[in-house]
Every structure is written in C-alpha cells, then in structure tokens.
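Participant: 3D, please:
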Amino acid sequence: MLVKVYGAAVQGIDAITVTIEVNCTNGIRFFMVGLPDTAVKESHERIVSAVQHNGYKFPRKQIVVNMAPADIRKEGAAYDLPLAIGILASAETVSHAMLSDYMMMGELSLDGTILPVKGVLPIAIKAREDGFKGLIVPKANVREAAVVNNIDVYGVDNIREVIGFFNGEIELSPMIIDTRAEFYDRQENFELDFEDVKGQENVKRAFEVAAAGGHNLIMIGPPGAGKSMMAKRIPSILPPLTLQEALETTKIHSVAGKMGRGASLLSQRPFRSPHHTISGVALVGGGTFPQPGEISLAHNGVLFLDELPEFSRQVLEVMRQPLEDRKITISRIKYSIEYPAGLMLVASMNPCPCGYYNHPDKECICSPGAVQKYLNRISGPLLDRIDIQVEIVPVPFEKISDIRPSEPSAKIRERVIKARRLQEERFADVPGVYCNAQMNTKLLGRYAVPDAAGKERLKMAMDRFCLSARAYDRILKVARTIADLDGSESVSVNHITEAIGYRNLDRANWAG
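Facilitator: Residues are numbered from 1 along each chain as shown. All right, here's what the predicted structure looks like:
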C-alpha cells in the first residue's frame, strides 16, 4: 500500500519539508528516486539490519520510494528513520494512522540505535510552521529541538520506540524545557574575565569602545604582550544575546553540527578563532556539501584572527564583502545559499617578522623595508574595514606582580550595554543599522558631526599624520561611540582626540 511520511532537508540555515512516499507491491526490487545522494541510497542496508535485529520482518516485496520535492538533493543519513518507518507502514507492520501528524529524522545504526543528526533546530522550526503535531528526533538532539515551542518534541533511542509509538503500544513523553529560564541563567557565566588582565589600560579601553560600537579592531604588538589573552575575553564585555539573536546563532551551529550533546539554546556570543592555515571555503562556507564557514559561525559574536599577516592573502580578501554586507552568498552551479555574517572582527599581528619593531627594550633585527613589506600582506581595502588600530607594549614587572584585581568584565559590560541602548534608540527607524559601526555617510552627517574644536583637531591630525580619506569616516564613527560611552549628545574635541589615537597604522611614518 502507499503511505507518506515526512522529514526535512536543510538548505542554508533553513529547512524544507520532504515528503517520503513508499509503495510496496509484488516483486523483489528496491527503487529510490527523488535525487538521493549515496548516503541516502545506502540507507537500505542499515534499515534492513536495524529492522531484523529488533525482531521485525523486512518486507519481501518490491519497494518504491519517492522523496519529494524531487529537484532538491537529499543528503546524509538523517533520512534513515523516516524511510524505515515508511517501509514498515507500507508493509502494514506499522500503523499509518498518525504518520501525517509527525515529522521525524534520525540516523540508524545496524542494531536500530538512533544516532544524532545535524540541523535539528531549523527542522523543528519548519515542522511547527507546517502545522505538524510533533517531531521525533534522536535523544541526543532532543533538547536542541525542544527550544521551539508549540510543538511536541520526542527524543528516542531505538527504532523499537518509534514503531511501538505509532502502533499505540508505548507512550512517548515530549521534552519540555524552560527555554527562557535556561537562557538567562547561563548568560553571565564566563570562564575568562578582564579582572585577570594586569595593566594594558589603554588596550582595555579600546576593547570597551569596540564592544560598545560594534567596531572591528586590530592589535599590533610583540609576542607575549597579551593580544590573544585579551581577545578571548571580549565576549565577556559584549551585550548579552537577545532571544532572537540566540535562536539565529543556534540555527547556524545546529546546521554545522557544532552543537554539543544535550545542548539547547546558545546563551553566549560565539567566539571563533581559526588557524591561519584555514582555506577560503572553510572561512566563508560552501563546499561540495554546503556548510556555514567560520564567518557565519561567528555571527552575532567575535571572529578572532591571530597573526593576521600569516593568513593567505586570498583568504583575507574574501572577507571584504561579508564584513560590509553582514552576510555571505555562496553561489555555485548546483546551488546558491545565503549565510548571515554579522560579526565583530578582532585581529592581532606582530609589527614585523621578528616581532620587536617599536619594542621598548628589545631591538628589531629586520632588514630595511621588511616592516613595511610585512604590513603590506594586509590589503588597504581590508584595513579600511577595521575601525580601531591599537598598539600593545609588554606589561612591566610592577604591574604583572600586582596582586590587586583589575576592573572586572561585569563593570565594563554595564557601560557597553548603556551605550548600545543609546544606539538602539538612535537607529530605531533605520532598517539594518543597530550600532555605530554600521553607519553610512548620510548617518555620519546626521549623528557624528564634531563641534568646531573637534573639526579643527581632526583637520590637524589629517595633515600632521598624513591620514588617508578613508580614516576620516572611521574616526567619526569611533568618536560617536566614545561620546555614547560618556553619555554625550554631541561629539566633542576630547572624543575626536581619543578616536584619532586609535588609527596607528594610518600614520604615514608608523613603519619608518
């Protein structure tokens, strides 16, 4: 008989409902159509073994399986469970009375154990949108899917449980979690805190400004100055995720298979730190089987690129468009997928190949011109998208040995949140703009006009340090953020002066 069961295919970070039609007739052959990949076709052997191992008979008939819509490629072993239930229902081993009420996904092992799969959260969202009563997923994924309300989510360990559930022999209990309570409880639990950082007050201030305005930041300093240590603490001073941001971020990590066992909603902003040998595809996403890249995994969080000049120039150049548009579109012959990329870029680098240019104690041994050549590994257009450039020097012994704790992240975060609220109110009527770093020229002319003294100071800096025209807008954006941290309506000369101090690499004489 002909039966229909339901699963889902993940495209980008969204899911599409897949209708699996199974028909058993007289014969001995097995047909599967609907653009399945090799892993889906191989499900036949896993299903036969799982069914027989659990005491059921696999139907000795001709089986035809159609996976609709047929123009979307079906990938992976996650279709094992709906295929198995569809085949058994078509052979009348499983009752088909409730099949239309449930969507199900899961990979089968040979003994019938149901293994975890990727993309459960967008699948749960799609199941709710399409009006399904419930969703059946592997028990390892149940908390992740239960984030979605208004739908019953069941976690199962073995195919026997699913067969018994549809035959009315056993009763499954839906997973119920208090999403909001868990989300807000875990927002303040940070392992790393700025109170552990000794000295470096000017760099901490630069981090505070960057976090308050969503600005990209680069640190330049010798080895051992604390660049990586401080970068890892940035999430502790960023504003907490909203529920909408958390859901969007969790969807990306769910699709990429980065959710831990038993994980639910991500409650802290992601921090991604890829190695400098990363490929362009791994950074932006895509591939034969499309997956989000590091840029998208850092969405609503921080992407930290340590030793920036060591990254391939081609890899760095692919970041230019996502940093500007806050999204990345992967276009190939067979597909076109859009991933979000609203991130804060934080980078670090040595000032020269030996690492000791401008060091207060150690002498640089690089040859003439080596410093500029090293800096030229980073293109001007990429530097143009980095608002804050701050120099770091080693911390002296007196500050390292000071046992008094520094200012904790919680206090810095309070000031950052206050500044972000001002920006939210300011840009409430401007779609797509949420912080100062996203302002265009028109918005700068409306909200970041300095006073007369500030204009004069900015003109003096442009002439004295030979600053480029591209630095002009960046200085105004950063100055607007500094004014917000001060609670000031206007941008004054003090705000402009501090912002100018964050443009080290733009100075014509910096590299000698």
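
Participant: Would you mind identifying the next helix or strand past the host helix or strand of residue 347?
Facilitator: Applying DSSP states H and E as the criterion places residue 347 in strand 344-349. Proceeding N to C from strand 344-349, the next assigned helix or strand is helix 370-375, under DSSP H and E.

Participant: Partner strands of the strand holding residue 347 and their direction?
Facilitator: strand 217-220 (parallel), strand 302-305 (parallel) (DSSP bridges).

Participant: Between the ones you listed, which one is closest to residue 47.
Facilitator: With distances scored as Cβ to Cβ, the stretch of the strands paired with strand 344-349 nearest to residue 47 is strand 302-305 (41.2 Å). Backbone N, C-alpha and C define where each C-beta goes, glycine included.

Participant: what about that closest one, average pLDDT?
Facilitator: Averaging pLDDT along strand 302-305 yields 96.

Participant: I'd like the distance from the strand holding residue 347 to the chain centre, please.
Facilitator: Relative to its chain's centre, strand 344-349 lies at 16 Å (Cα atoms, centre = their mean, to the nearest Å).

Participant: Give me the contacts around that strand.
Facilitator: 210-211, 214-221, 227-228, 231, 234, 238, 301-309, 319, 323, 378, 385-386 (Cβ atoms under 8 Å, 6 or more residues apart in numbering).

Participant: Can you identify the element that follows the lowest-mean-pLDDT helix or strand in the chain toward the C-terminus?
Facilitator: Least confident helix or strand of the chain, by mean pLDDT, DSSP states H and E, is helix 397-400 with a mean of 71. With elements assigned by DSSP H and E, the helix or strand that comes after helix 397-400 is helix 409-426.

Participant: May I have whichever helix or strand comes after that following helix as CSV, with CA atoms only?
Facilitator: Per DSSP H and E, the first helix or strand lying C-terminal to helix 409-426 is helix 441-447. What follows is helix 441-447, C-alpha atoms only, in CSV (Å, rounded to 0.1, in the frame of the first residue of the first chain):
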residue,chain,number,x,y,z
THR,A,441,28.0,58.6,5.2
LYS,A,442,24.5,60.0,5.5
LEU,A,443,24.1,58.9,9.1
LEU,A,444,27.5,60.2,10.0
GLY,A,445,26.4,63.6,8.7
ARG,A,446,23.4,63.4,11.0
TYR,A,447,24.7,61.9,14.2
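
Participant: end-to-end on stretch 194-201?
Facilitator: Stretch 194-201 has an end-to-end distance of 11 Å (criterion: Cα to Cα, to the nearest Å).

Participant: typo on my end, stretch 369-380
Facilitator: Termini of stretch 369-380 sit 18 Å apart (Cα to Cα).

Participant: any low-confidence regions in the stretch 301-450 of the chain?
Facilitator: Across the stretch 301-450 of the chain, the ranges flagged by pLDDT under 70 are 397.

Participant: quick revisit: residue 481: which of the strands paired with strand 344-349 is closest?
Facilitator: strand 217-220 (11.7 Å).

Participant: list the buried ones in the closest one?
Facilitator: Neighbour counts over strand 217-220 (16 or more other Cβ atoms under 10 Å) mark 217-220 as buried.

Participant: what element comes up after it heading to the C-terminus?
Facilitator: Following strand 217-220 in sequence, per DSSP H and E, is helix 227-231.

Participant: Quick one: list the elements packing against that next one.
Facilitator: helix 201-213, strand 217-220, strand 302-305, strand 344-349 (3 or more Cβ pairs under 8 Å, 6 or more residues apart in numbering; DSSP states H and E).

Participant: quick one: which of the ones you listed is nearest residue 66?
Facilitator: Between residue 66 and these, the tightest spacing by Cβ to Cβ is seen for strand 302-305, at 42.2 Å.

Participant: Who is residue 344 paired with across the strands?
Facilitator: Where residue 344 sits in a bridge, its partners, by DSSP bridges, are residue 302.

Participant: and the nearest residue to residue 394 once chain neighbours are set aside, how many neighbours?
Facilitator: Excluding its sequence neighbours, the residue lying closest to residue 394 (Cβ to Cβ, 6 or more residues apart in numbering) is residue 225, at 5.1 Å. Per other Cβ atoms under 10 Å, the neighbour tally for residue 225 reads 22.

Participant: next one: residue 430
Facilitator: 14.

Participant: thought it was touching residue 446?
Facilitator: No. Using Cβ atoms under 8 Å, residue 430 is not in contact with residue 446, being 9.8 Å away.

Participant: Name the nearest residue to residue 310, ignoring sequence neighbours.
Facilitator: residue 276 (4.1 Å).

Participant: I'd guessed the one you found sits against residue 307; true?
Facilitator: Yes. If you go by Cβ under 8 Å, residue 276 and residue 307 touch, sitting 5.4 Å apart.

Participant: quick revisit: with distance to residue 414 as added columns, please give the helices and strands packed on helix 227-231 in CSV.
Facilitator: Listed next are the helices and strands packed on helix 227-231 as CSV, based on distance: least, Cβ to Cβ, whole Å:
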stretch, distance to residue 414
helix 201-213, 11
strand 217-220, 20
strand 302-305, 19
strand 344-349, 19
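
Participant: looking at the ones you listed, which is closest to residue 106?
Facilitator: strand 302-305 (32.7 Å).

Participant: check contacts around residue 84.
Facilitator: Here residue 84 is in contact with 43, 47, 50-51, 108, 159 (Cβ under 8 Å, 6+ apart).

Participant: What's the ChimeraX line that selects buried ones from the contacts of strand 344-349?
Facilitator: Applying 16+ other Cβ under 10 Å to the contacts of strand 344-349 leaves a buried subset, and the ChimeraX line that selects it is:
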select :210,211,214,215,216,217,218,219,220,221,227,231,234,238,301,302,303,304,305,306,308,309,319,323,378,385,386
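
Participant: No more questions from me, cheers.
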